[in-house]
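K.L.:
Predicted model and sequence follow; I will ask about them next.
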Amino acid sequence: MADLKEIRRVYELLEKNADGAVTVHEICQFTNKIGIVMSVEDLRLMVGNKGAGDYGDGLQFEAFVDLYHFIFNHEEDEEENGSEDLMEAFKIFDENKDGYISCEELQRVLSRLGLIPHSQQPQECEKMICRFDSDCNGVLDFSEFKSMMSATVSP
């Protein structure tokens, strides 16, 4: 969680015209640059009437702090939930619970799911493990599994 000094620095960077407020447009540009894609309309809905009044759609520092915490706590929660889900998936593949996924374990789970034709299973599983086995020990640990899953779901 960011402290007020850090939030103040971000606020001051965004407050380009020194009018005492950061506009929703400026916040939107900032979030999009750091990979949190939001529309101006979404931000306006989050801000509600905090951005109304003398500053148009701008936020004074106190309102910006609330929005900042909401945006970044929400992102952290999503990352934590994603890691928890990935750990649960890892546990399904790690049938013998040794902390690693072997080619045989990968093959059995993928076979049960019907994701690889039976005739191609051993070769495909070996290729998958080799591709992501960064320490070349013939099995996938959680970090390697995470890399594999990220590559699989990324466009």
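P.N.:
Happy to help now that I have it. Source: prediction; values computed, not measured.
K.L.:
Show me the protein divided up by domain.
P.N.:
4-72, 81-153 (automatic domain parsing).
K.L.:
Pipe those into CSV and attach mean pLDDT per row.
P.N.:
Formatted as CSV, the domains of the chain follow (pLDDT from 0 to 100):
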stretch, mean pLDDT
domain 4-72, 76
domain 81-153, 82
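K.L.:
Can I get those in a markdown table including mean neighbour count?
P.N.:
C-beta: built from backbone N, CA, C; applies to glycine. Formatted as a markdown table, these follow (neighbours: other CB atoms under 10 Å):
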| stretch | mean neighbour count |
| --- | --- |
| domain 4-72 | 15 |
| domain 81-153 | 14 |
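K.L.:
all strands for this structure, in order.
P.N.:
22-23, 58-59 (DSSP state E).
K.L.:
Columns distance to Gln107 on top of those strands, output as CSV?
P.N.:
Output for the strands of the chain, formatted as CSV (distance: least, CB to CB, whole Å):
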stretch, distance to Gln107
strand 22-23, 54
strand 58-59, 54
